[in-house]
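# Turn this into a model:
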Amino acid sequence: MRIVWGFLLFFAAIASIMMGGLVMPVILGGACYQGGTEFIAMARAKGMNPSPRIILSMILAFFAVAAVPCIPGIPKELATTQSALSHFPILLTIGICASFFRLLFRRNSPPATIADIATTILGFIYVGFLPSHLVLLRNLYPTGTPPISNPFQQPGLAYVWVSLFIIWATDVFAYLVGKKWGKHLLYPLISPKKTVEGAIGGFLASIFWAMVVVHLADNVIFPCRPFQGSFWLAAVMGAAISIAAQLGDLCESMLKRDAGLKDSGNTLPGHGGFLDRGDSMIFGGAVAYYLISLVVLKIF
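Numbering: from 1, shown residues only. Reported below is the predicted structural model:
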C-alpha cells in the first residue's frame with residue numbers, strides 16, 4: 001500500500017507541475033488545505049485552539065491569488081507573478097487582523113489565548129503563504145521572454161523541476177549516505193535518525209545534481225534557456241535549496257515532537273500526512289522563488 005500511494009503521489013505531483021496553468025494551484029492548494037487540517041490537529045494536541053476557518057480560508061486565498069496569472073483572459077497587467085506577489089502583503093494583513101478579531105469574539109471563556117492567535121497566524125503562513133510560492137515559481141518568465149503556450153516549454157516548469165529535483169536529491173542521498181556511513185546524530189532531540197553524514201551527503205549531492213539538471217534545462221530541454229547559462233547559479237541553488245529543505249524537514253519534525261505525534265496525519269497510508277510528504281518543499285520552494293527572481297531574472 002505504501003508503494004502504491006507513493007507512486008500515486010509522485011505522478012499526481014508530476015502531472016500538476018507539467019500541466020501548469022490552473023491545474024497546479026488547484027492540486028497543490030488542495031494538498032495544502034489538507035495540510036492545514038493536520039496543522040490544526042497538531043496545535044489542538046498541544047492544548048491550543050486556533051481558528052480553523054481563518055487558517056483554511058487563508059490557505060485557499062493565497063493559492064487563489066497565486067493562480068490569478070493562470071486565468072484565461074486576465075488583463076496583461078495582472079498576468080504576472082509579480083502582480084500576484086504584490087497582493088500577498090494585503091492577504092497577510094487581512095489574515096493577521098482576522099485572526100485577532102475572530103478569536104476576540106469567539107464564544108469561549110476566555111475568548112482566546114496568545115497561543116491560539118499565534119498558531120492561527122502561523123498556520124496560514126506555514127501551510128499557505130510559503131508553499132504557494134511554488135505556484136508563483138511555475139509562472140515565472142525571464143525578462144523579455146514572450147508568453148509560451150506550450151506548458152512543457154515554459155521556463156517556470158524548468159524552475160520548479162530543478163528546485164524539486166534538488167529537494168528530492170537531498171532527501172534521497174541524505175537517506176542513502178546516512179544509512180551507510182551515518183554515525184553522528186544531527187539533532188537527536190528533534191529527529192533521532194538523521195545524521196550529520198547524511199545531511200552532508202544530501203547537501204553535496206544536491207549541488208552536483210543541480211549543476212547537471214540546470215545544464216540540461218538550458219542546453220537540451222528548454223529552448224528559452226531559463227537559467228541563462230549561469231553555471232555558478234546552479235551550485236548556489238543546490239546549496240541554498242538543500243539547506244532550506246533539510247531545515248524544513250527538521251522544523252516539521254519539531255512541530256510533531258512538540259505535539260507528541262509520530263506523523264502529521266494518516267491521510268496517506270504508509271506515508272503519514274501531507275505535511276510529512278511536503279515538509280522539505282515548504283521552505284525549499286519559497287527560497288527557490290526568491291533566489292531565481294533575484295539572481296537570474298533580477299526582477300526585484
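# other SSEs contacting the top helix by length along the chain?
As far as residue count goes, and with DSSP state H defining each element, the longest helix of the chain is helix 231-259. Taking 3 or more CB pairs under 8 Å, 6 or more residues apart in numbering; DSSP states H and E as contact, the helices and strands that helix 231-259 lies on are helix 23-45, helix 155-181, strand 191-195, helix 196-216, helix 274-291. C-beta here means a position set from N, CA and C on the backbone, and glycine is covered the same way.
# orientation of the second one relative to helix 196-216 in degrees?
Orientation check (axes from the mean of the first three to the mean of the last three CA atoms, to 10 degrees): helix 155-181 against helix 196-216 gives 150 degrees.
# buried set for helix 155-181?
Neighbour counts over helix 155-181 (16 or more other CB atoms under 10 Å) mark 155-171, 173-175, 177-178 as buried.
# quick one: T120 from V65, how far?
Look at T120 and V65: by CB to CB, to the nearest Å, they are 19 Å apart.
# which residue is nearest the centroid of the protein?
To find the centre residue of the chain, average its C-alpha atoms and take the closest one (CA atoms, centre = their mean): that gives I282, at 2.8 Å.
# contacting residues for it?
Contact analysis of I282 by CB atoms under 8 Å, 6 or more residues apart in numbering lists 126-127, 130-131, 248, 252.
# Mind doing that once more with 6 Å?
Neighbouring residues of I282 by CB atoms under 6 Å, 6 or more residues apart in numbering: 130-131, 248.
# which SSE is A118 in?
Secondary structure assignment for A118, by DSSP states H and E: helix 114-124.
# contacts for that helix?
Judged by CB under 6 Å, 6+ apart, the contacts made with helix 114-124 from elsewhere in the structure are 39, 43, 48-51, 54-55, 58-59, 95-96, 99, 103.
# The same query, at a cut-off of 8 Å, please.
By CB under 8 Å, 6+ apart, the residues outside helix 114-124 that reach it are 36, 39-40, 43, 48-51, 54-55, 58-59, 62, 95-96, 99-100, 102-103.
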